[in-house]
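*Asks:* A predicted structure for the sequence below; I have some questions about it.
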Amino acid sequence: MISFQQVAVRYPLGNVALEDATFEIEDNEFVYLVGPSGAGKTTILKLILHELVPTEGVITIDDFQFSHKNFKRVAELRQKIGVVFQDFKILPDDSVFENIAISMEIKGYPTKEIRKQVEEALALTGISDKKTLFPAQLSAGELQRVAISRAIVGNRKIILADEPTGNLDPKTAWDIMNIFKKLAISKTILFATHNTDIVNSLRRRVLVLKDGRIIKDNKKGGYKL
Ligand SMILES: Nc1ncnc2c1ncn2[C@@H]1O[C@H](COP(=O)(O)OP(=O)(O)OP(=O)(O)O)[C@@H](O)[C@H]1O
Ligand SMILES: [Mg+2]
């Protein structure tokens with residue numbers, strides 16, 4: 001469960017990134033974050049990762065709870081969370097397999113378990129035949145499949161996706177959405193996007209942000225500009 005209680009992020013020069021944000025997201029829920037540029041979508045994702053510290057309010061993620069006060073369990077918190085970005089952020093000198101395996105290797109998982117989870121992720125994202133290739137040999141859609149695979153291995157329960165279809169053509173974007181649809185069965189997903197076609201076709205709960213405020217929480221899905 002993810003819970004925000006009256007969370008605000010204010011910058012020193014008076015810039016307000018988020019104000020009075022209160023919402024709850026259940027396990028295995030899929031939630032879109034929409035709204036114009038600067039509305040606060042990335043701010044919410046960064047708060048969940050504790051990359052940003054709230055100025056005010058309380059954030060609860062399962063048994064982790066944090067506020068403006070010092071929080072000591074950041075590394076442990078991040079083990080739960082996988083992140084997918086618009087620009088993929090794949091390591092260019094590592095193979096597909098290595099890019100996906102790296103977080104589990106750092107965490108010290110046994111080799112056999114790493115192999116098992118990476119193979120499962122490759123199968124789920126449809127790139128099992130690419131595992132020995134290097135990023136330069138892949139298309140944009142394939143790179144995003146690598147990024148999604150990387151985000152799920154290590155038993156991560158929460159996936160944060162920041163405009164993950166932003167650099168993809170419409171057909172490839174839909175291929176990627178179908179992967180997210182499959183993931184949504186067993187993961188909590190927060191999906192920031194500007195793509196209204198996607199939001200209105202694959203209908204899931206929508207949080208609409210504007211100027212740092214949640215102006216709508218549409219449980220039935222769908223969004224009009
Ligand atoms: N380091 C910072 N200092 C001051 N203001 C900041 C800083 N980082 C972000 N902001 C402000 O916070 C607000 C929210 O930004 P955020 O990145 O969450 O928007 P967004 O909804 O993700 O936009 P986009 O769709 O363009 O990605 C913006 O007005 C932004 O300028
Ligand atoms: Mg953003």
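*Replies:* It's in. Residues are numbered from 1 along each chain as shown. Ligands and ions are numbered 1, 2, ... in the order given.
*Asks:* list the contacts of the closest residue to residue 92 other than its chain neighbours.
*Replies:* Spatial nearest neighbour of residue 92, chain neighbours left out: residue 135 (5.1 Å); criterion: CB to CB, 6 or more residues apart in numbering. Heads up, the C-betas are built off the backbone N, CA and C, glycines and all. Shown in contact with residue 135 (CB atoms under 8 Å, 6 or more residues apart in numbering): 90-92, 94, 96, 99, 143, 146.
*Asks:* so the one residue in the chain that gets nearest to ligand 2, which state does it fall into?
*Replies:* Using CB to the ion, the single residue of the chain nearest to ligand 2 is residue 42, 3.1 Å away. Following DSSP: H, G, I helix; E, B strand; the rest coil, we place residue 42 in the helix state.
*Asks:* quick check: closest non-adjacent residue to it.
*Replies:* Using CB to CB, 6+ apart, the closest residue to residue 42 is residue 162 (5.7 Å).
*Asks:* surely the one you found and residue 44 touch.
*Replies:* No: between residue 162 and residue 44 there is no contact under CB atoms under 8 Å: 9.9 Å.
*Asks:* mind checking how far the most centrally placed residue in the chain is from ligand 1?
*Replies:* By CA atoms, centre = their mean, the chain has its centre lying nearest to residue 160, at 1.1 Å. Between residue 160 and ligand 1 the computed distance is 12 Å (CB to the nearest ligand atom, to the nearest Å).
*Asks:* swap in residue 59?
*Replies:* 15 Å.
*Asks:* one more: residue 210?
*Replies:* Distance from residue 210 to ligand 1, by CB to the nearest ligand atom: 9 Å.
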